[in-house]
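Q: just to be clear, the model below is a prediction. Sequence and coordinates:
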Amino acid sequence: MNVDITGARIYFTIPVFGGIPITETITNSWLVMLVITGLCIYLTRNLKVKATSRRQIIAEYLVETAQKFVNENMGEKFAYYGPFIAALFAMSLLSSLLSLFGMYPPTSDLSTTMGWAILVFVLITYTKIRHGGIGGYLKGFTQPIFILTPFNILSEIATPISMAFRHFGNIVSGGVISTLVYAALAVASKALLGLLPGMVGQFLSNIPILQVGIPAILSLYFDLFTSVMQAFIFCMLTTLYIANAASDD
Amino acid sequence: MLEKAIVMAGCAIGAGLALIAGVGPGIGEGYAVGKACEAIGRQPESKGDLLSTMLLGCAIAETTGIYGFVTGLLLIFVAPGIFINLL
């Protein structure tokens, strides 16, 4: 019996710039982007001023929820971040939910979450510089006293790293634990049913009966709950950090 | 052969030790959830706000545990290869 825990498989390599590997992460991310684009096009066809179709009511509900979330957490002056946060949420949620279909979720690759976290870090720095100017941004590092500058720089760098690792770690841990339990259930059912006497036991012990049903309960937590939770938390932290960058403290 | 065995054993023990990091977030999150339950008991109408705040706090408290987990993963999947190449 072997347990197979791997990262993203490399399909092929484009032989430019020293070889760009095309991995499962990239193909699955493009799949998610296609699904989101298709969903947006489907939901926004034939829009009326007054909603008549069920499709338009769903679309309006989604947009209003996203906008309300941003307005509550960042304030009205950051209302233009609504589409960005909604896109981040949709991308993160659908990427993680791919594991429900047995596909490799792009969010269990550190490159994906690190990319998003660096994007958020750039936005935070941009907001800080725009709000307080270059001088104010640099002066922020020496608060409250000058000696703390290295620690301030460290905590600045720690923000994107902790965001990326939190999302990555939660999704990966779900995948690893699911795989381990799935493998363990096969061994357990073989040992348990092998106790039955005669031909019946020999026949039944070759079928991993315990693998039916029990992994679904785990999947409910690790795939559904964790995916929704992590997407929500990533967006929440993004809004809070960006809003905090513009506040006077 | 012996060197390889020592490297593998060291990495496995290290991974096990790294997962002790899961204890802290467990205690911390339990405490946070307990307090949130108390608060909901006192003010049931503020359940929505409390819930999202608590979940956010839990997620942040979880960070150290996740660091331990990532360290464990690195020790199991990445470190043995590097150290065996060094031998």
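A: Thanks, I have it. All figures in this text were calculated on a predicted structure; none of them were measured in a lab. Residues are numbered from 1 along each chain as shown, chains lettered A, B, ... in the order given.
Q: got a list of contacts for stretch A:13-24?
A: Judged by Cβ atoms under 8 Å, 6 or more residues apart in numbering or on different chains, the contacts made with stretch A:13-24 from elsewhere in the structure are A:A8, A:R9, A:I10, A:Y11, A:F12, A:M103, A:Y104, A:P106, A:D109. Placement of C-beta: from N, CA and C, glycine included.
Q: can you select the buried ones among these for me in PyMOL?
A: The following PyMOL command selects only the buried members of those, with burial defined by 16 or more other Cβ atoms under 10 Å in any protein chain shown:
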select buried, chain A and resi 8+104+106+109
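Q: make JSON lines from the contacts of stretch A:13-24 and add pLDDT, distance to A:I41 and secondary structure to it.
A: Rendered in JSON lines, the data for those read as follows (pLDDT from 0 to 100; distance: Cβ to Cβ, whole Å; DSSP: H, G, I helix; E, B strand; the rest coil):
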{"residue": "A:A8", "pLDDT": "76", "distance to A:I41": "28", "secondary structure": "coil"}
{"residue": "A:R9", "pLDDT": "79", "distance to A:I41": "30", "secondary structure": "coil"}
{"residue": "A:I10", "pLDDT": "80", "distance to A:I41": "31", "secondary structure": "strand"}
{"residue": "A:Y11", "pLDDT": "80", "distance to A:I41": "27", "secondary structure": "strand"}
{"residue": "A:F12", "pLDDT": "79", "distance to A:I41": "30", "secondary structure": "strand"}
{"residue": "A:M103", "pLDDT": "83", "distance to A:I41": "23", "secondary structure": "coil"}
{"residue": "A:Y104", "pLDDT": "86", "distance to A:I41": "26", "secondary structure": "coil"}
{"residue": "A:P106", "pLDDT": "89", "distance to A:I41": "22", "secondary structure": "helix"}
{"residue": "A:D109", "pLDDT": "87", "distance to A:I41": "27", "secondary structure": "coil"}
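Q: in contact with the closest residue to A:Q143 other than its chain neighbours, which residues?
A: Of all residues not flanking A:Q143 in the chain, A:N152 sits nearest, at 7.3 Å (Cβ to Cβ, 6 or more residues apart in numbering or on different chains). Applying Cβ under 8 Å, 6+ apart to A:N152 gives the contacts A:G140, A:F141, A:T142, A:Q143.
Q: before we move on, what about B:A15?
A: Under the criterion of Cβ under 8 Å, 6+ apart, the contact partners of B:A15 comprise B:T71, B:G72, B:L73, B:L75, B:I76.
Q: state the pLDDT value of it.
A: The predicted local distance difference test score for B:A15 is 92.
Q: about what we covered before: tabulate the contacts of A:N152 (TSV), appending pLDDT, distance to B:D49 and secondary structure.
A: Shown next, in TSV, are the contacts of A:N152 (pLDDT from 0 to 100; distance: Cβ to Cβ, whole Å; three-state DSSP):
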residue	pLDDT	distance to B:D49	secondary structure
A:G140	81	29	helix
A:F141	82	33	helix
A:T142	81	35	helix
A:Q143	77	30	coil
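Q: in helices only, show me the contacts of B:A15.
A: Among the contacts of B:A15, the ones falling in helices (DSSP state H) are B:T71, B:G72, B:L73, B:L75, B:I76.
Q: surely the last one and B:C11 touch.
A: Think B:I76. Yes - applying Cβ atoms under 8 Å as the test, B:I76 and B:C11 come out as touching, 6.6 Å apart.
Q: these two - which one has more neighbours?
A: More neighbours surround B:C11 than the other of B:I76 and B:C11, with 22 against 18 (other Cβ atoms under 10 Å in any protein chain shown).
Q: so who does A:I118 touch?
A: The contact partners of A:I118, taken as Cβ under 8 Å, 6+ apart, are A:P160, A:A164.
Q: no, scratch that, I was asking about A:L98
A: Neighbour list for A:L98: A:N28, A:L31, A:V32, A:Y104, A:P105, A:P106 [criterion: Cβ under 8 Å, 6+ apart].
Q: residue nearest the centroid of chain B?
A: Note on chain B: the residue nearest the mean C-alpha position is B:G65, at 1.7 Å, using Cα atoms, centre = their mean.
Q: not counting sequence-adjacent ones, nearest residue to that residue?
A: B:P25 (3.8 Å).
Q: what is the neighbour count of the one you found?
A: Look at B:P25: counted by other Cβ under 10 Å, it has 20 neighbours.
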